[in-house]
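Novice: how would this look folded up:
(one chain, ligands or ions: 1)
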Amino acid sequence: MKKVSSSDTIFKEAEAIGDAPTEGFFGEMNLNWMIEKSELAGLYDKVREGRRLDIQDAHRLYQTQDLNMLGALADLANNQKNKKRASYIVNRYINYSNYCILSCQFCSFSRKKRDQDGFELTLEQMQTKAREALELGITELHIVGGLHPSLPFSYYTDMLNGLKAVSSRLQLKCFTAVEILHLAWLSKRSVEETLHELKACGLDSLTGGGAEIFQPEVRKKNCDRQGVSQRVSRCSPYLAPARGEKHLHHALWSRGNSRGSLGSHATVKRTAG
Ligand code: SF4
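Specialist: Residues are numbered from 1 along each chain as shown. Sure, this is the predicted structure:
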């Protein structure tokens, strides 16, 4: 295997022969110097010009040992997009139930009806939690559960209507992509019709979970029923990557499928739903 020098090593070698820049290693003046020497040099222009990286670029980034340059490129991309802005949301996370008809291998959340620690909340209990959140100044609720075996579709629409009735200030970010698929099946509607119906009842946005693994081979092993990956992509465009090199394919797949999809606010990976 070809031995690759990191920019750190290059710097030390250059320093030893008196050829290193004299500014601090991460100083702005030295970025060009680092880029020129780095094995990732060719990617700099692409990132700077905001061009899409392809699978070959992704492999280079994944395999590089030059973590300094990788960090510098990531910082450059982030700065171009966000400047110095950073934001966050304080929300209340509520699980309406942990019963689920699936048994995904990685899931430690779901329970079966026979389990003693299974639960489902009533609308009144959900409303109490919503009021508690409001008292703390929290206006966004993040609501998810498993794929419940017996709750009717009206449970979900009543939940949304009932929470909006507590306060119209509440932002309802509810359901993972796979829950939406389940609700569409439950209501005997298409995914699109189901989303319209839920939106009419108060749904403001979707959560980011439930479609984390798009690499077909990995998904099949862990949790998929045939074709679910393709269909959930229509519900949840922003997806957290699976670990390992296969996530390169996952990232490209989800990026390609996110264009023109329905909106979602969350990018947080989670285990339930
Ligand atoms: S990950 Fe979600 S769909 Fe899979 S078993 Fe857990 S709760 Fe159910």
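
Novice: Around the ligand, pick out the residues from the stretch 51-200 of the chain.
Specialist: Within reach of the ligand by Cβ under 6 Å from any ligand atom, the stretch 51-200 of the chain has these residues: 100, 102, 103, 104, 107, 109, 110, 146, 147, 178. All C-beta atoms are positioned from the backbone trio N, CA, C, and that covers glycine.

Novice: what's around the second one, how many residues?
Specialist: Okay, so that is residue 102. Neighbours of residue 102 under the rule other Cβ atoms under 10 Å: 15.

Novice: give me the element it is part of.
Specialist: Assigned by DSSP states H and E, residue 102 belongs to no helix or strand.

Novice: going forward can the numbers begin at 386, since that is how I track them
Specialist: New numbering, starting at 386: the last item is residue 487.

Novice: what about the nearest residue to it once chain neighbours are set aside, which SS state?
Specialist: Using Cβ to Cβ, 6 or more residues apart in numbering and skipping residues adjacent in sequence, the residue nearest residue 487 is residue 532, 5.8 Å away. Secondary structure, DSSP: H, G, I helix; E, B strand; the rest coil: residue 532 is coil.

Novice: Cross-check the contact I'm expecting between residue 532 and residue 489.
Specialist: No: assessed by Cβ atoms under 8 Å, residue 532 is found out of contact with residue 489, at 10.3 Å.

Novice: Would you mind measuring from the nearest residue to residue 516 once chain neighbours are set aside to the ligand?
Specialist: Spatially, and ignoring its direct neighbours in sequence, residue 516 is nearest to residue 551 (6.2 Å; Cβ to Cβ, 6+ apart). Here the criterion is Cβ to the nearest ligand atom, to the nearest Å. By it, residue 551 lies 26 Å from the ligand.

Novice: so what's the backbone phi/psi at residue 551?
Specialist: phi -60, psi -50 (degrees, to the nearest 10).

Novice: what's the answer for residue 480, then?
Specialist: Given degrees, to the nearest 10, the pair of backbone angles that residue 480 has is phi -100, psi 120.

Novice: remind me which residues of this structure are low pLDDT?
Specialist: 386-415, 595-601, 604, 607-658 (pLDDT under 70).

Novice: and the longest helix for it?
Specialist: Counting residues, the longest helix found in the chain (DSSP state H) is helix 452-467.
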